[in-house]
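# Need a 3D model of the following:
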Amino acid sequence: MCGIVGYIGKKQAAPILLDGLAKLEYRGYDSAGMAVYDGAKIQVQKAAGRLKVLDEQTHNGKAMPGTIGIGHTRWATHGAPSDTNAHPHYNQDETIAVVHNGIIENYLKLRKKLEKKGFEFRSETDTEAVAMLLGYYYKGDPLEAIGKVMHRVEGSYALGIIFADHPDEVYSVRKDSPLIVGQSEEGSFIASDVPAILKYTRDVYFIQNEEIAVLTENTITFYNIDGEEIPKEPKRIEWDINAAEKGGYEHFMLKEMNEQPKTVSDTLNPRIKDGRVVIEELGMSDEEIRNLRKIHIVACGSAYHAGITGKYVFEGLARIPVEVDLASEFRYRDPIIEENTLVIIISQSGETADSLAALREAKELGAQTLGIVNVVGSSIAREADRVMYTWAGPEIAVATTKAYSAQLIAEYLLAIKFASARGKLSDEACALLIKDLKAIPAQIQMLLANKEDIQRFANRYLAARDVFFIGRGIDHAISLEGSLKLKEISYIHSEAYAAGELKHGTISLIEEGTLVTAVITQENLYKKVISNVVEVRTRGAFVMAVTNEDNTEIEKTADYVVYIPKTNRYFTNSLAIIPLQLFSYYVSVGKGLDVDKPRNLAKSVTVE
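This next block holds a predicted model:
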């Protein structure tokens, strides 16, 4: 959530800042602003609403001359969305400007102390306390002032800072909120995510916790909190720059749904060698795997739903007990971590605040940790004992599709690897599982080709008020993700329930015309779920079923059926989720909503 861009170089800063912020719109925001040093003072322009408002106010940046500046898109936490609360924020005499991602937890305490010293605050934000505190400590040495502020503030932050007294430098600081810097012939850049600067440079530095980067037109120098210079090596970003563009699709979400066959192949194929699952980066011997007594899967949002599927797959194939926790709950429930426990943290961005905190908690409790992440060099990737990358490429739409599919594949591979190492699968059984995995990309492609039928069905439910998803076992996990997709981008109230729980209260909500989506892919549960479908239909529900191609019996019960190709029962999520993604997408499009940037949501949740 929120976006930061900074620039110093030969070119005009404001157009570069606007371009970079546009690349970060997917992160979620409700206001935007820029600060540019014009040779005499720091000029600030900011506006509530979409970035186009700021773009129009500054005439595409031409009204803000200067070759050094910082920009920001804000997602409101402290203080409502407004011009005043938008970033950047000044210090008292407007000689320092600050942009900030994160939350300053002790800002009220800092604000009260500064107000007693005569400082006058203009906004309701926590960020302004940082700007004022910088002004209080600044005596001509920016590094010294920044270090003192870092010792005083509590919480998470990524900061971009410019000083009028130092017009040839941009400062960036990080603690628990992502920030990168990079350099090219055009100058030096800071950003909260790679897409903002990918068109200028592929060599970036990931700023570590409590580090400071000082950027000039031609240099980047790094310091620790005590002002001591530290060495750092850049990382090469291998993304195709077109991967962060729409490529002719109407929305990023549609593009990313259609990229799922490739995403699955890219995550899968390099880890299948000589008919075996080989995960070289895992770094666990077969003996270590055999010694595992328990797995905890910890995640948020869609990654949590992938983790619920993972529980069934790990327990079914490898016979290892698995607990699945929301990261925000794991941190505070005082979890019991036994010896030889593996904690798997799943996160697309690798920067999810609760997931990162849960990782640190698990390590303190003595667990081995494994991160399943998509972003190379992200915090979770760096801090976990082991990391497995999903290689989905950049995902821009807020509602995840291809990253979720890649997370499922990573779990399947791990489960097969663990099952084989623990002697729970024969070579023949492993070969059959791998054969089914290799078929998944083509099967997804076939389901995506059925989009017109699903679009026609979706158009019937643009005015729906309530939609319910039901399933059992893995199908319940699929239902959770399908329901989340719908509510995220269509704003329709949607809930997912374990089908066997209908009679324990939920069925009272079913009325004439209510849409119920029944996911029925687990053969041993066909009859059970069909009974649940009958229950809701007799109360007036219209039922859409997603089921296996051989389950034609469902046509006697459901009103609309989407068939998925045959695959192993543990892998059905990878196929059944596709029509649910398409349904959600076309409902949102039909309602004329902003599919890629739904209201109140952010792509990467980097604060609690």
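
# His166: neighbour count?
Residues contacting His166 under the criterion other CB atoms under 10 Å number 18. In this view, the C-beta of every residue, glycine as well, is placed from N, C-alpha and C.

# Tell me where the stretch 451-600 of the chain has strands.
466-471, 493-498, 515-520, 542-548, 560-564 (DSSP state E, counting those that start in this stretch).

# closest one to Tyr37 among these?
Smallest distance to Tyr37 across the strands of the stretch 451-600 of the chain (CB to CB): 48.3 Å, for strand 493-498.

# Let's have the strands of the stretch 451-600 of the chain in a markdown table, adding distance to Lys41.
As requested, these are exported to a markdown table (distance: least, CB to CB, whole Å):
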| stretch | distance to Lys41 |
| --- | --- |
| strand 466-471 | 54 |
| strand 493-498 | 50 |
| strand 515-520 | 58 |
| strand 542-548 | 60 |
| strand 560-564 | 61 |
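
# now the strand or helix carrying Asp436 against strand 542-548, angle please.
Asp436 belongs to helix 427-448 when elements are defined using DSSP states H and E. In terms of direction (axes from the mean of the first three to the mean of the last three CA atoms, to 10 degrees), helix 427-448 departs from strand 542-548 by 140 degrees.

# Might you list the low-confidence residue ranges for the stretch 451-600 of the chain?
502 (pLDDT under 70).

# Identify each of the helices in it and give its residue range.
451-458, 474-490, 526-537, 573-590 (DSSP state H, counting those that start in this stretch).

# Export these to JSON lines and append columns for distance to Asp193 and mean neighbour count.
Converted to JSON lines, the helices of the stretch 451-600 of the chain look like this (distance: least, CB to CB, whole Å; neighbours: other CB atoms under 10 Å):
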{"stretch": "helix 451-458", "distance to Asp193": "29", "mean neighbour count": "17"}
{"stretch": "helix 474-490", "distance to Asp193": "20", "mean neighbour count": "26"}
{"stretch": "helix 526-537", "distance to Asp193": "41", "mean neighbour count": "18"}
{"stretch": "helix 573-590", "distance to Asp193": "23", "mean neighbour count": "25"}
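
# And those helices: which comes nearest Tyr157?
helix 474-490 (27.4 Å).

# Going by contacts, tell me the helices and strands next to that closest one.
helix 301-313, strand 466-471, strand 493-498, strand 515-520, helix 573-590 (3 or more CB pairs under 8 Å, 6 or more residues apart in numbering; DSSP states H and E).

# Those: which one's closest to Thr390?
helix 301-313 (10.1 Å).

# got a list of contacts for the closest one?
297-299, 322-324, 326-327, 344, 346-348, 352, 355, 400, 403-404, 407-408, 411-412, 415, 473-474, 476-478, 480-481, 484, 570, 573, 605 (CB atoms under 8 Å, 6 or more residues apart in numbering).

# Report the buried members of those.
Among the contacts of helix 301-313, those that count as buried by neighbour count (16 or more other CB atoms under 10 Å) are 297-299, 322-324, 326-327, 344, 346-348, 352, 355, 400, 403-404, 407-408, 411-412, 415, 473-474, 476-478, 480-481, 484, 570, 573, 605.

# that older thread, same list, the helices of the stretch 451-600 of the chain, but as a markdown table with distance to Ala196 please.
Formatted as a markdown table, those follow (distance: least, CB to CB, whole Å):
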| stretch | distance to Ala196 |
| --- | --- |
| helix 451-458 | 31 |
| helix 474-490 | 23 |
| helix 526-537 | 46 |
| helix 573-590 | 26 |
